[in-house]
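*Asks:* this one's sequence-less:
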């Protein structure tokens, strides 16, 4: 019995181990199979890629050939286009330069006018100020001359009167002064 | 106490400040001789000795008309003299006695009694007079008129 049991266990273990080994073997087989399929796909892709490159090369060669055929015409067109563009740019520059020159002239004229007006104003004010100073000086000098004349006339009159008035005339002048004083309520 | 009528001739004779000062000084001398004035005939002696003849005559005449004695007569006169007012005249010339009399006469007639002339000579006034009376002032000189003339 025991032997049977032991044998059964041993056989059981062996069976289990066999099953596990089989599983591993299957897995390994599948992996190898996949790898082989990938290699085939890779080769196929390489072939396709080569074909695409070859086709692209042919297409490029064709384009280059066509391009070479139209190159000369294109150069002429480009040249004409460039000349036209340069002509347009030059014309536009001329117009712009003329416009800016006109604006500059206008601004310059305006500034010149403003400066002229300011200068005229300053000149006018200065002129007025000088005139006023001259007038004031003239007035002062005339007043001084007047004062001097007054003084001379008074001095001469004093001398003449002082010597010319008689005692009788003095008395009459004093009586007249007394009359005036009474009239002015001083007496 | 005498009334103003007693002194009227004396007051009329005092025309200027100088004359007033002279009379005041003479009266002072008379007052100093107060005790001798009481003696018989002594007033006349002092009057003749101390007072100028024209004024002495007026005083003698006034005293003769007065009712009081010489001392009270002098006191009364001094009191009136202190109440006199002045008209100050600044003139260009020294007036003669006759001219002083005429100016005084004008003042007596136009202003009234009890006013004495106070005369100052200032040739620069040229003519006419600068007049002051009781704080009022007026320049009526020829110089002032000349200054007012616009040439």
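*Replies:* Yep, it's here. None of the values given here were measured: they were computed from a predicted structure. Numbers count the residues shown, from 1 in each chain, chains lettered A, B, ... in the order given.
*Asks:* all contacts plus neighbour counts: C-alpha atoms, from now on.
*Replies:* Will do.
*Asks:* sort out which residues of the longest helix seen in chain B are buried, please.
*Replies:* The residue-count maximum for a helix in chain B (DSSP state H) belongs to helix B:17-32. Neighbour-count burial for helix B:17-32 flags B:17, B:19, B:20, B:22, B:23, B:24, B:26, B:27, B:28, B:30, B:31 (criterion: 16 or more other C-alpha atoms under 10 Å in any protein chain shown).
*Asks:* quick one: average pLDDT of that helix?
*Replies:* The average pLDDT for helix B:17-32 rounds to 88.
*Asks:* which ones are touching the residue nearest the centre of chain A?
*Replies:* Residue closest to the average C-alpha location in chain A (C-alpha atoms, centre = their mean): residue A:100, at 18.0 Å. Residues counted as contacts of residue A:100 (C-alpha atoms under 8 Å, 6 or more residues apart in numbering or on different chains): none.
*Asks:* can you give me the distance of it to residue A:107?
*Replies:* Distance of residue A:100 to residue A:107, given as C-alpha to C-alpha, to the nearest Å: 10 Å.
*Asks:* so the nearest residue to residue B:111 once chain neighbours are set aside is in which element?
*Replies:* Residue nearest to residue B:111 in three dimensions, not counting chain neighbours: residue A:187, with 6.4 Å by C-alpha to C-alpha, 6 or more residues apart in numbering or on different chains. Assessed by DSSP states H and E, residue A:187 sits outside every helix and strand.
*Asks:* and for residue B:80?
*Replies:* Following DSSP H and E, one finds residue B:80 within helix B:70-82.
*Asks:* and the residue nearest to the centre of chain A, what are its phi and psi?
*Replies:* Main-chain dihedrals, residue A:100, degrees, to the nearest 10: phi -70, psi -40.
*Asks:* report pLDDT for it.
*Replies:* pLDDT, residue A:100: 92.
*Asks:* and the residue of chain B closest to chain A?
*Replies:* Nearest to chain A, among the residues of chain B, is residue B:128, at 4.4 Å (C-alpha to the nearest C-alpha).
*Asks:* what is the burial count for that residue?
*Replies:* Per other C-alpha atoms under 10 Å in any protein chain shown, the neighbour tally for residue B:128 reads 28.
*Asks:* for it, give me its contacts.
*Replies:* By C-alpha under 8 Å, 6+ apart, residue B:128 lies in contact with A:170-177, B:91-92, B:140-142.
*Asks:* ok, now how distant is it from residue A:177?
*Replies:* From residue B:128 to residue A:177 the distance is 6 Å (C-alpha to C-alpha).
*Asks:* shared neighbours, the two?
*Replies:* Residues touching both residue B:128 and residue A:177 (C-alpha under 8 Å, 6+ apart): B:140, B:141.
*Asks:* confirm residue B:120 sits in a strand?
*Replies:* Yes - Residue B:120 forms part of a strand when assessed by DSSP: H, G, I helix; E, B strand; the rest coil.
*Asks:* which ones are touching it?
*Replies:* Contacts of residue B:120 by C-alpha under 8 Å, 6+ apart are B:88, B:89, B:90, B:91.
*Asks:* residue B:89 versus that one, what's the distance?
*Replies:* For residue B:120, the distance to residue B:89 - C-alpha to C-alpha - is 6 Å.
*Asks:* hang on, the earlier thing: and the buried residues of helix B:17-32, which two are furthest apart?
*Replies:* Spatial extent of the buried residues of helix B:17-32 (C-alpha to C-alpha) is set by the pair B:17 and B:31 at 20.7 Å.
*Asks:* and residue B:117, what element?
*Replies:* Counting by DSSP H and E, residue B:117 is found in strand B:115-121.
*Asks:* chain center to that strand: distance?
*Replies:* Strand B:115-121 sits 9 Å away from the centroid of its parent chain (C-alpha atoms, centre = their mean, to the nearest Å).
*Asks:* what do you get for stretch A:123-138?
*Replies:* Worked out by C-alpha atoms, centre = their mean, stretch A:123-138 lies 47 Å from the chain centre.
*Asks:* who's in contact with residue A:30?
*Replies:* Residue A:30 touches nothing, counting by C-alpha under 8 Å, 6+ apart.
*Asks:* show the pLDDT at it.
*Replies:* What the model reports as pLDDT for residue A:30 is 77.
*Asks:* so it belongs to a helix, correct?
*Replies:* Yes - per three-state DSSP, residue A:30 lies within a helix segment.
*Asks:* re the thing from before, ok, the contacts of residue B:128 vs residue B:8, which is closest?
*Replies:* Taking C-alpha to C-alpha as the measure, residue A:175 is the one of the contacts of residue B:128 closest to residue B:8, at 24.4 Å.
*Asks:* so how far is chain B from that closest one?
*Replies:* Using C-alpha to the nearest C-alpha, to the nearest Å, residue A:175 is found at 7 Å from chain B.
*Asks:* that residue contacts residue B:105, correct?
*Replies:* No - counting by C-alpha atoms under 8 Å, residue A:175 does not reach residue B:105; the two are 10.7 Å apart.
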